[in-house]
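Peer 1: Okay, predicted coordinates and the sequence, questions at the end:
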Amino acid sequence: MLETDLDLLIAAAKESGRIATGFHGSSYEKWDKEDGAGPVTAADLAVNRMLETELLDARPDYGWLSEESAPQSARQKAEYVFIIDPIDGTRSFIEGSDTWAHSLAVAKNGEIVAGVVYLPKRDLMYTASKGKGAFLNGKRITPSQRDTLTGANILATRPSFEPRHWTRVPDVTRNHRPSLAYRLALVAQGKFDAMLTLRATWEWDIAAGVLILEEAGAQTSDKYGQPLRFNNPDPRLAGMIGANAALHKQIRDALAT
C-alpha cells in the first residue's frame, strides 16, 4: 500500500527532529542571511538537504519550495508542491530553547492538502490532511470557542498592535511564541483564541499550520480577509489571521487595513 503524503511528511518530520536535535549541545556554524532575512545555521541546512532528497525521491513529480533552497521556477508548473521550513524559529534554536519547529506541507493547485508541525524538543506532532481533521500526537484537536474579542488571548508580535493597524485597538492579552508555525498550531489546539501577523508572511512559515487550523475548525485568511493561496511566484502572503469564525470576523472588522 502506497504511503500517503501525510505519512511521508510525518516520517520526514521525525527524521528532521533527529538531525536537528543532534546539533544541540555541540558547536555548529551559524550566520546571518543577506538583507536582514534572519539567522541560519548548519542545522537548518542539514535538515533541508535531507528533506529535499528524501521527499523528492519519494515524489519526483512534486515541486519544491523551501526557505533554505534556491528559488525553483519549475514548481509553478507542478500540480503538487512541497512547502518546507526546515527549522521555524531558528533564533530560538540557537538560544537552546525548545520552541522551534519543523513545518512541512504539500499544496495541490494552491491549496494545502497535508501538513505537519513538529516540535521534537517538546514531543508535539501536529498533523492534518484535507477533510480528515487535525490532530496532536494522534488525538483530535479543536480551536477555542470564545466569541468575544475583548479579553481574548491572541498570539502576535508587539508591532501588530500598533494603533496605525486598527480602527480601534482591541483590549486583548497579547502573547508570543518564537515559531510562527507553532503559533498556528496552538490556536488550532485551543490553547490560545487567535493569532495574527500583519507583515508580509512567507508561505513556508504558515503552510502546514494553515491546514491544521482549518481542519481543527478555525477560519484563516490574509489580513484583508482574502483566502490564502500557496505556490505563488512571489511566496509572500499579505499577513494572516487565524481564529474561530466569530473572532476572525471581529479581528478583521477592527483592522484598518
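Peer 2: Perfect, I can see it now.

Peer 1: immediately after the helix or strand hosting residue 209, which helix or strand?
Peer 2: Element membership for residue 209, per DSSP states H and E: helix 203-216. Read in the C-terminal direction, the helix or strand following helix 203-216 is strand 219-221, with elements assigned using DSSP H and E.

Peer 1: tell me the mean pLDDT for that next one?
Peer 2: If you average the pLDDT over strand 219-221, you get 98.

Peer 1: what lines up beside that strand in the sheet?
Peer 2: The strands that strand 219-221 pairs with in its sheet are strand 240-243 (antiparallel) (by DSSP bridges).

Peer 1: So what touches the partner strand?
Peer 2: Here strand 240-243 makes contact (Cβ atoms under 8 Å, 6 or more residues apart in numbering) with 143-144, 184, 187-188, 193-197, 201, 206, 209-210, 213, 218-223, 225, 228, 248, 251-252. From N, CA and C alone the C-beta is placed, and that goes for glycine too.

Peer 1: Just the buried subset of these, please.
Peer 2: Of the members of those, the ones counted as buried by neighbours, 16 or more other Cβ atoms under 10 Å, are 143-144, 184, 187-188, 193-197, 201, 206, 209-210, 213, 218-223, 228, 248, 251-252.

Peer 1: now stretch 80-93, how far from the chain's geometric center?
Peer 2: 8 Å (Cα atoms, centre = their mean, to the nearest Å).

Peer 1: Pull out the buried positions in that stretch.
Peer 2: Applying a neighbour-count criterion of 16+ other Cβ under 10 Å, one finds 80-90, 92-93 buried in stretch 80-93.

Peer 1: For those residues, give me JSON lines that also has pLDDT, distance to residue 61 and secondary structure.
Peer 2: JSON lines is the format used below for the buried residues of stretch 80-93 (pLDDT from 0 to 100; distance: Cβ to Cβ, whole Å; DSSP: H, G, I helix; E, B strand; the rest coil):
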{"residue": "80", "pLDDT": "98", "distance to residue 61": "7", "secondary structure": "strand"}
{"residue": "81", "pLDDT": "98", "distance to residue 61": "10", "secondary structure": "strand"}
{"residue": "82", "pLDDT": "98", "distance to residue 61": "11", "secondary structure": "strand"}
{"residue": "83", "pLDDT": "98", "distance to residue 61": "16", "secondary structure": "strand"}
{"residue": "84", "pLDDT": "98", "distance to residue 61": "17", "secondary structure": "strand"}
{"residue": "85", "pLDDT": "98", "distance to residue 61": "22", "secondary structure": "strand"}
{"residue": "86", "pLDDT": "97", "distance to residue 61": "22", "secondary structure": "strand"}
{"residue": "87", "pLDDT": "97", "distance to residue 61": "27", "secondary structure": "strand"}
{"residue": "88", "pLDDT": "96", "distance to residue 61": "26", "secondary structure": "strand"}
{"residue": "89", "pLDDT": "93", "distance to residue 61": "31", "secondary structure": "coil"}
{"residue": "90", "pLDDT": "91", "distance to residue 61": "30", "secondary structure": "helix"}
{"residue": "92", "pLDDT": "92", "distance to residue 61": "35", "secondary structure": "helix"}
{"residue": "93", "pLDDT": "90", "distance to residue 61": "32", "secondary structure": "helix"}
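
Peer 1: Return the closest of these with respect to residue 39.
Peer 2: Each of the buried residues of stretch 80-93 was scored against residue 39 by Cβ to Cβ, and residue 90 proved nearest at 5.2 Å.

Peer 1: Would you mind giving the orientation angle of the helix holding residue 209 with respect to strand 80-88?
Peer 2: Counting by axes from the mean of the first three to the mean of the last three Cα atoms, to 10 degrees, helix 203-216 lies at 100 degrees to strand 80-88.

Peer 1: Quick check: chain neighbours aside, which residue is closest to residue 33?
Peer 2: The spatial neighbour of residue 33 that comes closest, neighbours along the chain excluded (Cβ to Cβ, 6 or more residues apart in numbering), is residue 40 at 5.6 Å.

Peer 1: Determine the number of other residues adjacent to residue 74.
Peer 2: 10 (other Cβ atoms under 10 Å).
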